[in-house]
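S.K.: build me a model from this:
(one chain, ligands or ions: 2)
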Amino acid sequence: MKPVTPPILITGAAQRIGLHCAERLLDDGQPVIVSYRQEQPSLQRLRSRGAIALHGDFSDESGILAFIDALKDTTGQLRAIVHNASLWHPDTPGEEAEAFRQMFQVHMLAPYLINLHCSDLLRHGGPADIVHISDDVTRKGSAKHTAYAASKAGLESLTLSFAARLAPAVKVNGIAPALIQFNEGDDEAYRRKALAKSALGIEPGAEVIYQSLRYLLDNPYVTGALLPVNGGRHLV
Ligand SMILES: NC(=O)C1=CN([C@@H]2O[C@H](COP(=O)(O)OP(=O)(O)OC[C@H]3O[C@@H](n4cnc5c(N)ncnc54)[C@H](OP(=O)(O)O)[C@@H]3O)[C@@H](O)[C@H]2O)C=CC1
Ligand SMILES: Nc1nc2c(c(=O)[nH]1)N=C([C@H](O)[C@@H](O)CO)CN2
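M.R.: Ligands and ions are numbered 1, 2, ... in the order given. Predicted structure coming up:
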């Protein structure tokens, strides 16, 4: 009898990269729990494949703690936690503090509290991982997304701290993407400019993040690492 693999939690997986990774894990026969903020048609597809979708709004502490309670009511074990949920807000005059607070909440407080309260679900004796999805922009900051970059830099610090705290039972790593997938509203000029920022000059799509996640899940000897998936942006 093949042992049942505990589920992998991916936060913010109702769309784009998180959704792609959830679907690819299901393709691999891996049970999945996703968090979502707004119900989307994609969630029905995930549910029909056996995934569990839990509502989670990380905009304030009570929402994060409510999600943690729901998660613990849903499963007694986890194979991995992937912190993917994210807000990409530019620095907007008059909205600076609120945007900073919201991105601090989702990029730092939510991973921090979920890791603190749920790491016991990862301690089952088998392979266990936490993966933080950061952003290559932390390498040099951002003049237009200053608060966003700062909150992602904080997430990278949490990667190192939790890697030290949870070893050897749990590996904790980060993935630092650069341009992976444009947004629908991105015009031609923006796309050309963004593509020119990397040595490889392509929009790779979400599969490269799944490949990176797969590597971290399958490698027993990597922890406290930050995997740049940036098309060689640092070379340009
Ligand atoms: N796409 C890219 O090219 C790049 C992505 N990244 C990183 O990769 C990850 C995935 O990117 P991408 O797929 O574009 O992400 P999205 O911008 O599509 O956001 C993913 C999800 O996060 C959820 N979310 C946002 N705020 C909250 C919150 N307060 N509480 C709960 N959920 C929330 C959103 O839910 P809702 O839809 O309900 O708002 C959304 O579905 C992110 O961490 C991102 O920063 C890094 C560099 C490049
Ligand atoms: N939560 C998100 N974070 C980021 C996004 C996004 O769509 N959602 N997009 C980017 C851009 O691709 C940027 O890397 C280049 O334009 C960064 N982070």
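
S.K.: contacting residues for the residue sitting nearest the centre point of the chain?
M.R.: The centroid of the chain falls nearest to Asn84 when counting by CA atoms, centre = their mean (1.8 Å). Going by CB atoms under 8 Å, 6 or more residues apart in numbering, Asn84 touches 10-13, 17-18, 21, 133. Heads up, the C-betas are built off the backbone N, CA and C, glycines and all.

S.K.: okay, and which of the residues you listed map to strands?
M.R.: Counted as lying in strands by DSSP state E, out of these, are 10, 133.

S.K.: burial check on Val4, number of neighbours?
M.R.: Neighbour count of Val4, defined by other CB atoms under 10 Å: 8.

S.K.: identify the residues contacting it.
M.R.: Contact partners of Val4, counting by CB under 8 Å, 6+ apart, are Pro31.

S.K.: secondary structure class for it?
M.R.: coil (DSSP: H, G, I helix; E, B strand; the rest coil).

S.K.: generate CSV for the contacts of Asn84, with pLDDT as supplementary columns.
M.R.: Shown next, in CSV, are these (pLDDT from 0 to 100):
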residue, pLDDT
Ile10, 99
Thr11, 99
Gly12, 98
Ala13, 98
Ile17, 98
Gly18, 98
Cys21, 98
Ile133, 99
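
S.K.: and the contacts of Asn84 as TSV, adding distance to Ala99 and neighbour count?
M.R.: Formatted as TSV, the contacts of Asn84 follow (distance: CB to CB, whole Å; neighbours: other CB atoms under 10 Å):
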residue	distance to Ala99	neighbour count
Ile10	24	29
Thr11	19	25
Gly12	17	24
Ala13	23	28
Ile17	21	25
Gly18	21	25
Cys21	26	27
Ile133	19	28
